[in-house]
Every structure is written in C-alpha cells, then in structure tokens.
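[1] Predicted coordinates and the sequence they were generated for:
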Amino acid sequence: MTDERDAFRPRHLLVTGGAGFIGANFVHHVVREHPDIHITVLDALTYAGNRANLTGVPDDRITFVHGNICNAELVESLVSAQSTLPPIDAIVHFAAESHNDNSILDAAPFLRTNIDGTYVLLEAARRHDLRFHHISTDEVYGDLSLDDPHRFTETSPYKPSSPYSASKAASDHLVRAWHRTYGVRTTISNCSNNYGPWQHVEKFIPRQITNILSGIRPKLYGQGLAVRDWISVEDHCSAVWAVLTRGRIGETYLVGADGEYSNIEVLRMILERMGQPADAFDHVNDRPGGDKRYAIDAGKIQRELGWRPQYTDFAAGLDATIEWYRTHRDWWEPAKASTEEKYRLQGH
Ligand code: NAD
Ligand code: DAU
C-alpha cells in the first residue's frame, strides 16, 4: 500500500468541469476536507454546467474561469499564471460531454470536448510538468451479459459501445500515450454510475424523481432489465482524491461500490419511496445499442490505496437524493421542460 509519506500534496488544482455534477461535488469535497488547497475551476458552462453548483464555496478558495478546455491559449494562461497563489501543480480533468443519449443524436461535441479538449490539457501538463488525473468511465469496457459471473477489472479489453463511451476510450488512450511517450505524470480512474446532488435531470435517477415531483410518469427504457453499478458521488470524490495523491503514476484504478441494480429495481425503489404505485411508469424506446450491464471489481484501489466506499446503503442514498431534489426545485426546474422535450423527440 502507498505510504502517506510518499503522497503527492497538491497546493493548487486546476479542476476542469468543476461546475458539473461530479466536478462540483469534488470541489466541495476538497474545500471541506483539505483546507490548504486553492482550486481554479475551468468550465464552459454548457447546458450541463451551472455556477450555482458551487454555491457555498468561499471566494478565497476558488477562482472560477468561464472557458473552454479546447482553448489552448486560455489553458496555457492559467497554468503559467504568476500571482500570489501557488502555481497550479495538478490538473483534475472532469470536463466532458457526458450523456449517452445526446451522443447518439450528435457526436460532434463529444469528439471535440472529450478528445480534443483532453489533448489540449495533456499538452499543457507536458509543457509545465503537471500531475494529471483523468476522470473516466467504466463504459470504456463495453458491457457484460446479465448472467456473466465476471466484473470489469483494469485489464478488461476496451470495447466502447456509444459515441460517448468511444470518445472517453479515446481520451484514456491519449492519457496513457502522453505518459508513456512524454513521461507525463498521469493517472486514470474509471468509475461506475454516480448518484447524488447536482446531477442533471437528463440522467436516470434525477429524471425519475423530478418527473414524479412534476406530475409526469417516470420513463423506463425497454423492459428495464439493464443493470448499473451505483456509487454515491461522495465515494467517487474520495476515490479521485486517493488516486490523485497516492496512486501510482501511469496506472489506472477502477472505482465502484458493489451497487448493482437493474433499472426497474431502482425505479420501483424510487416509486415506493415517493408514495407512488409500483406500476405508475411508462415503458419507452430503448437506447440504440444500449449497454446491458456494468459491474466493477474495485479490488486494486482497495488493496493499493486502502480506499473504501463509505455510503454503501443504496436505499438510504436514494432517500437523501429524493430529499435533495424535493428541496432544490429552483435548481432543477429551469432545465426540466427542455430536457423532457428533447426526450420526447427521441421517443424516450
Ligand atoms: P456533467 O455533464 O454533469 O458535467 C460536465 C461539466 O463539464 C459541465 O459543467 C460542463 O459545463 C463542463 N464542460 C463540458 N464541455 C466543456 C468544455 N469543452 N470546456 C470546459 N468545460 C466543459 O458530467 P458528470 O456526470 O459530472 O461527469 C464528469 C466526468 O465524470 C466526465 O468526464 C464523465 O465522463 C465522468 N464519469 C461520469 C459518471 C457518472 O455517473 N455521471 C461516471 C463515471 C465517469
Ligand atoms: O457508467 C458510468 C456512466 O454512467 C457515465 O460514464 C455516464 O456519464 C453517465 O451518464 C452514466 O451513463 P448511463 O448511460 O449508464 O446513465 P443514464 O442515467 O443515462 O442511464 C442509466 C440507465 O437507465 C440506462 O440503462 C438507460 C436507462 N434509462 C435512462 C433514462 C434517462 C431509463 O430507463 N430511463 C430514462 O429516463
């Protein structure tokens, strides 16, 4: 296990996509747990980004930059800035186009942000010898059949299914190449499905909760038999911190919390918790090429870094998430109608 004494101690992080779901949770996590660190957030505030996700973070802990990771001049100006702050010593890269259904409609922004944007950041890390942690997904490994006894490991072959997951796989390959060819100090974490506060209403769990809160029937793709391996976003954030500070350079770590449920099981749990009949939902079109099952073996990060998920009671996590959406209507309502309209046009 990596010794605490060998840990990398960042002083100033560049967090890309820090106004999105996981990036914002990570910024809150670092601000709360690690008081000496300054964070520069670089975020393009796409439809998925929201400055309000960082409400409550003290002004003296972050510098918010509204900009695009594909803008090489902007990225260079941030990593070479001279100021009273310590220089940026690590990039933690969350920014991405993240939604599979959108990638099926139009892959272009996925290729630009997820591939070109990662390239721009890697080049900046190379020029300035920065530590680079890349946030990736279990979807790069494709899917497992429902009855497969195996789970994904760090040596599973890359086999992405959607334009989104193919673009994330491409970005993983760039990160590995920049380590091997140029010696950039990189790590990668591939995580399973996250849930928690500030998740956009396009995603499965928030969509169903906010549908019920809006008087719309929840929508289940196909028969709802696909399985996802759910993890609390807070556990993902602590895993990213563990890999950033104690992970072995050049390595990949899978992150998951043994939270496998079929979509119909999750929907039934939400319906029950929100006082709805068990059949109060509609079946809608399945996703073209949709992945059947993801399942993570997180043995490596547990053995090497001593990381353990803390929030493994999924029912309790769903209760807290439902409560968050109940009490944050003003946060999600502005995005709800346009998201549902986009789904209606796709038959979802
Ligand atoms: P999200 O869509 O909620 O947030 C993405 C953020 O990136 C937004 O704030 C958006 O404004 C920003 N962004 C997009 N394009 C940008 C650009 N060109 N320049 C700068 N900023 C840009 O996504 P998320 O769910 O928080 O996912 C974050 C990362 O985690 C992604 O890399 C995703 O692939 C990965 N991931 C997500 C999950 C999950 O369950 N959501 C699981 C594993 C890995
Ligand atoms: O596994 C990690 C991935 O998890 C991340 O890389 C992605 O960024 C993230 O979006 C998520 O991808 P999924 O495609 O698994 O998540 P999504 O919430 O879009 O869908 C989860 C499952 O629920 C999937 O089988 C499709 C289904 N679904 C989705 C929606 C939006 C429904 O049945 N109904 C819905 O309304």
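    Sure, I can see it. Ligands and ions are numbered 1, 2, ... in the order given.
[2] Contacts for stretch 153-168 next, please.
    Under the criterion Cβ atoms under 8 Å, 6 or more residues apart in numbering, residues 96-100, 102-104, 107, 110-111, 114-115, 136-137, 139-143, 169, 172-173, 251-254, 287, 289-291, 297, 299-300 lie in contact with stretch 153-168. Just so you know, the C-beta spots here come from the backbone N, C-alpha and C atoms, and that holds for glycine as well.
[3] start to end distance for that stretch?
    Using Cα to Cα, to the nearest Å, the end-to-end distance of stretch 153-168 comes to 17 Å.
[4] tell me how far it is from the chain's mean position?
    When C-alpha coordinates are averaged (Cα atoms, centre = their mean, to the nearest Å), stretch 153-168 and its chain have centres 15 Å apart.
[5] for stretch 110-127, same thing?
    For stretch 110-127, the distance to the chain centre is 17 Å (Cα atoms, centre = their mean).
[6] contact partners of that stretch?
    Outside of stretch 110-127, the residues within contact range by Cβ under 8 Å, 6+ apart are 16, 44, 68-72, 75-76, 79, 91, 93, 95-97, 102-103, 130-132, 134, 163-164, 167-168, 170-171, 174-175, 178, 182, 184-186.
[7] related to what we said a few turns ago, same for ligand 1: which of the contacts of stretch 153-168 are within range?
    96, 97, 98, 137 (Cβ under 6 Å from any ligand atom).
[8] Now, the residues you listed that are in strands?
    Among these, DSSP state E puts residue 137 in strands.
[9] Next, format the ones next to ligand 1 among the contacts of stretch 153-168 as TSV and append neighbour count, distance to residue 273 and pLDDT.
    TSV is the format used below for these (neighbours: other Cβ atoms under 10 Å; distance: Cβ to Cβ, whole Å; pLDDT from 0 to 100):
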residue	neighbour count	distance to residue 273	pLDDT
96	27	30	99
97	24	31	98
98	23	26	98
137	23	27	98
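[10] Let's have the ones next to ligand 1 among the contacts of stretch 153-168 in CSV, adding distance to ligand 2.
    Converted to CSV, these look like this (distance: Cβ to the nearest ligand atom, whole Å):
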residue, distance to ligand 2
96, 7
97, 9
98, 4
137, 3
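[11] Just read off the phi/psi values of residue 281.
    phi -150, psi 170 (degrees, to the nearest 10).
[12] Run a quick neighbour tally on it.
    Neighbours of residue 281 under the rule other Cβ atoms under 10 Å: 21.
[13] Isn't it up against residue 266?
    No. Applying Cβ atoms under 8 Å, one finds residue 281 not in contact with residue 266, separated by 11.4 Å.
[14] overlap in contacts of the two?
    The contact sets of residue 281 and residue 266 overlap at residue 208 (Cβ under 8 Å, 6+ apart).
[15] Would it be right to say that residue 308 lies in a strand?
    No. Counting by DSSP: H, G, I helix; E, B strand; the rest coil, residue 308 is not part of a strand but coil.
[16] ok so, going back, out of the contacts of stretch 110-127, which are inside strands?
    Under the assignment DSSP E, these contribute 16, 91, 93, 131, 132, 134, 186 to strands.
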